[in-house]
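Participant: Only the shape, not the letters, is given here:
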Ligand SMILES: [Fe+2]
């Protein structure tokens, strides 16, 4: 699944965060309703945006960070590797939704959001590192 986006930038990457947060709230609200008709589109939109966000990180953010901060190569590599787990978690949640197993999907989503939140906080630190080096 490929989507067309304008040229990715650090600012665009950062502003995605707000959209992702909104989509998480929409998805959780859909689960609260317990309606497949709400959960399915909310999950698809969430998945589309988050997978695009990961791609921007891999194609733009991480290479820039590696170039400007070669000493941070190992933590950046760890963030990259974590994307494998993020994609796998999203795929597993999607499988449960496709089977209409909403309770299982919700439990997996809750666990995912905890680990994803921690991942995002680490990337926030990376972003601030990049911003400070750009303005230096
Ligand atoms: Fe990431």
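Facilitator: Received the coordinates, thanks. This is a predicted model, so every value here is computed, not measured.

Participant: residues in contact with the residue nearest to residue 39 when sequence neighbours are not counted?
Facilitator: On the basis of C-beta to C-beta, 6 or more residues apart in numbering, the spatially nearest residue to residue 39 that is not a chain neighbour turns out to be residue 30, at 4.4 Å. Every C-beta, even on glycine, is put in place using the N, C-alpha and C of the backbone. Neighbouring residues of residue 30 by C-beta atoms under 8 Å, 6 or more residues apart in numbering: 38-39, 42-43.

Participant: before we move on, what about residue 47?
Facilitator: 90, 94.

Participant: On the secondary structure side, give me the element for it.
Facilitator: Using DSSP states H and E, residue 47 sits within helix 36-56.

Participant: chain center to that helix, what's the gap?
Facilitator: Here the centre of helix 36-56 is set off from its chain's centre by 10 Å, with C-alpha atoms, centre = their mean, to the nearest Å.

Participant: what do you get for stretch 123-136?
Facilitator: Centroid separation between stretch 123-136 and its chain, computed with C-alpha atoms, centre = their mean, is 19 Å.

Participant: Looking at per-residue confidence, what score does the residue nearest to residue 39 get?
Facilitator: Looking at residue 30, its pLDDT is 98.

Participant: Now do the buried residues in the host helix or strand of it.
Facilitator: Per DSSP H and E: residue 30 is located in helix 10-33. Buried residues in helix 10-33, counted by 16 or more other C-beta atoms under 10 Å: 10, 13, 16, 20, 23-24, 26-28, 30-31.

Participant: Where does the prediction get shaky in the chain?
Facilitator: Across the chain, residues meeting the criterion (pLDDT under 70) sit at 1-8, 134-136.

Participant: Many thanks, I have nothing further to ask.
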